[in-house]
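In: Need coordinates for the below:
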Amino acid sequence: MVHPTHTAGEGPTANAAPFTSRPLTLAEEKRLDLYYYHSPKNGERLVSVVEPCRLAIALELEFDVDVTNYVERPRTLLVDEREVELCFWIRRRSAAETFVVFRRQPKPSVPALRAEERFCSKLVDAANTAGLSITIRKPASILASRVANATRLELLPYAQAAERLEGIDVFLSTILAHMESNPRSSFHTIERSLCGPFDWRDVRSATCLLIHRGVLAIDFNEKLKVSSAVLLTGDRHA
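Out: Just a heads-up that it's a prediction; the model follows:
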């Protein structure tokens, strides 16, 4: 089996990343659920994450229009004499950089909860000492966004397909022309309006790419349907 190369040097955005992704170990590949996808945000770099919660965080970053780049498993941080791996490095539009740390929920006992609170406090202190900005994520916050997680996972293949679509600029400009006249539309309405000259699947892919870029918007907290509202945001920075 050929293992994917994990670098942050593909595409114009990815070239700016100061970190590369730590390759997964053989033990991780054997014991854990692995997820790979080509990231449109990172110049089609192959992103690799383990376990569903980390996949959910990665896709949240992928579709966050304020995030310009991210790298999984960028580095470790020494906390209380042990190395803790930081799950993601993130750069935002403002050029601010931060890291995400994923922590499992402790066992539902008072001693375990208190021990986790103490460790997280030490983690924040260690990050401050190192001059790093960190965010601690736990499974409860991810599970609370399960509909949005599913929506992002459903949108991703369309956005990927659009990046490889011949004549994508024509599709994007035509969809935007439709949205200028109809700032609140739907997938079905957009596809029906453009189904004459274009295949509806290509139109849907281009629409999802515009959502990925933040030019169009949907409610990620509603289950995705062909009747889902699609809004023009006016955001041309993405």
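In: what residues does the top helix by length along the chain touch?
Out: Counting residues, the longest helix in the chain under DSSP state H turns out to be helix 110-129. Taking contacts as C-beta atoms under 8 Å, 6 or more residues apart in numbering, the residues outside helix 110-129 that touch it are Leu77, Leu78, Val79, Asp80, Val84, Phe99, Val101, Arg103, Pro106, Ser133, Ile134, Ile136. Glycine gets a C-beta too; all of them are placed from N, C-alpha and C.
In: Please narrow the residues you listed to those residing in strands.
Out: Within the contacts of helix 110-129, membership in strands is found for Leu77, Leu78, Val79, Val84, Phe99, Val101, Ile134, Ile136, as judged by DSSP state E.
In: Using a markdown table, lay out these together with pLDDT and distance to Ala159.
Out: Supplementary listing: the ones in strands among the contacts of helix 110-129 in a markdown table, determined by pLDDT from 0 to 100; distance: C-beta to C-beta, whole Å:
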| residue | pLDDT | distance to Ala159 |
| --- | --- | --- |
| Leu77 | 96 | 32 |
| Leu78 | 95 | 38 |
| Val79 | 94 | 36 |
| Val84 | 95 | 32 |
| Phe99 | 98 | 25 |
| Val101 | 97 | 27 |
| Ile134 | 97 | 28 |
| Ile136 | 96 | 28 |
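In: Could you pull out the helices in the protein for me?
Out: So, for the chain - with DSSP H - the helices run 11-14, 26-31, 52-62, 110-129, 139-143, 146-163, 168-181, 187-194, 200-212.
In: Just the buried ones from the ones in strands among the contacts of helix 110-129?
Out: Buried members of the ones in strands among the contacts of helix 110-129, counted by 16 or more other C-beta atoms under 10 Å: Leu77, Val79, Val84, Phe99, Val101, Ile134.
In: still on that earlier bit, minimum distance to Phe220: which of the helices of the chain has it?
Out: Comparison of the helices of the chain against Phe220 by C-beta to C-beta identifies helix 146-163 as nearest, at 4.0 Å.
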